[in-house]
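S.K.: I'll drop the sequence and a predicted model, then ask my questions.
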Amino acid sequence: MIRAILAALLLLTLGAGCGGDSAAQEPTPPTLMYVSDYFSFVGADQEGRVAFALDNNRGRDGEAFQAEHFAMLHDEHKGWMDVVGSGPYDNLKKKLDRIPDSPSFQFAGAPEAGFTITSPPNQVTLQIHPIPMRHHRTDGKSRVWMGSASAVLTWQGRTIRGRVIYEYLAMPEFNRLTKTYFGLWEEFQGLYVLIDEKDDVYLHSQLSERLAPLVGNLAGFAVLNEETDYLNDLDVTVLSRGFALGLYRWPTAWRITWKGNKGPGSMTLTLSERKGIANWVIGGFSMGIVRGELSYDGRTWPLYGLAELLM
């Protein structure tokens, strides 16, 4: 689960131009392609904290185009909520560069300029301020960039202010929606965390050799007062694990250290709730809620956020 400062960067081969008038000189669009836009929101109002994750995937395989949503919503006091529209849907307009609308979710704007997600069936509207790029990697023609910005989630009459962490991913010659890739996920732990209800931190740790050239084994950033603070010399240690129905164990607590712009920093996080999504015996997929504490620059802040676990 993991996601071009401009939408035109989505497809390098599609966006690149050739001189001349001959159609033969035009680049051939890739016939196998995968693109993803992932939004992770955490915020709070007077009724408590809410977390909302929406992963929007689409792909091309030959002349066939696919699309799917993966959506999760968690209320601090009510737990995991049902979300209408999570799953595959028809990509009738054959869109790759932008997220195609579905019956359950509609999209307006561009992440780098301001973005709105609406879902009438779920009584959800997510308004996101322009997202600056805070992390960027390429591997050949594959590209990932990440950023974060303030956002407002309207849900069931509540107005919940918080932050969105955004991930964009584009991979030609790949499409997990139509093909099976063994060894794609190994010990992936993605943490999308709100700092003191006004800033954010993202990091991941993973061991997949297939994904490492693009996403790295360890990566992350923090945002304090809208300034990006990079997590250098990042170390993620799993302190404890819990039972899983397979040949693996779920991580349940972490200690994380790094060197930032203002010196050494550390976090401790504990998994307080977990929702199982899939189990393959040799691995599994879960989403969870994490709580903890961040110490940095002589100060300490409370943490609350989402964990994405692909073992």
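M.R.: Yep, it's here.
S.K.: just want the most central residue of this structure.
M.R.: The centroid of the chain falls nearest to Tyr38 when counting by C-alpha atoms, centre = their mean (4.0 Å).
S.K.: shouldn't it be in contact with Asn56?
M.R.: Yes: assessed by C-beta atoms under 8 Å, Tyr38 is found in contact with Asn56 at 7.3 Å. (Glycine included, C-beta is placed from N, CA and C.)
S.K.: before we move on, back to that, now the residue nearest to the centre of the chain: how far from Asp55?
M.R.: The gap separating Tyr38 from Asp55 is 5 Å, by C-beta to C-beta, to the nearest Å.
S.K.: same question for Thr178.
M.R.: 17 Å.
S.K.: so which of the two has more stuff around it?
M.R.: Asp55 (21 against 13; other C-beta atoms under 10 Å).
S.K.: can you give me the buried ones in the helix or strand where that one lies?
M.R.: Asp55 belongs to strand 48-61 when elements are defined using DSSP states H and E. Of all the residues in strand 48-61, those buried under the rule 16 or more other C-beta atoms under 10 Å are 49-60.
S.K.: what separates that strand from the chain centre, distance-wise?
M.R.: Here strand 48-61 is found 7 Å from its chain centre; the criterion is C-alpha atoms, centre = their mean, to the nearest Å.
S.K.: quick check: next helix or strand after that strand?
M.R.: Downstream of strand 48-61, the first helix or strand assigned by DSSP H and E is strand 64-75.
S.K.: just the CA atoms of that next one, as PDB, please.
M.R.: Output of strand 64-75 as PDB, limited to C-alpha atoms (Å, rounded to 0.1, in the frame of the first residue of the first chain):
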ATOM      1  CA  ALA A  64      -8.700  -3.200 -20.500                       C
ATOM      2  CA  PHE A  65      -8.700  -0.500 -17.800                       C
ATOM      3  CA  GLN A  66      -9.400  -1.200 -14.100                       C
ATOM      4  CA  ALA A  67     -10.100   0.900 -11.000                       C
ATOM      5  CA  GLU A  68     -10.700   0.200  -7.300                       C
ATOM      6  CA  HIS A  69     -11.100   2.100  -4.000                       C
ATOM      7  CA  PHE A  70      -9.900   0.900  -0.600                       C
ATOM      8  CA  ALA A  71     -11.600   2.800   2.200                       C
ATOM      9  CA  MET A  72     -11.400   2.700   6.000                       C
ATOM     10  CA  LEU A  73     -13.000   5.000   8.600                       C
ATOM     11  CA  HIS A  74     -12.400   4.900  12.300                       C
ATOM     12  CA  ASP A  75     -14.100   6.900  15.100                       C
END
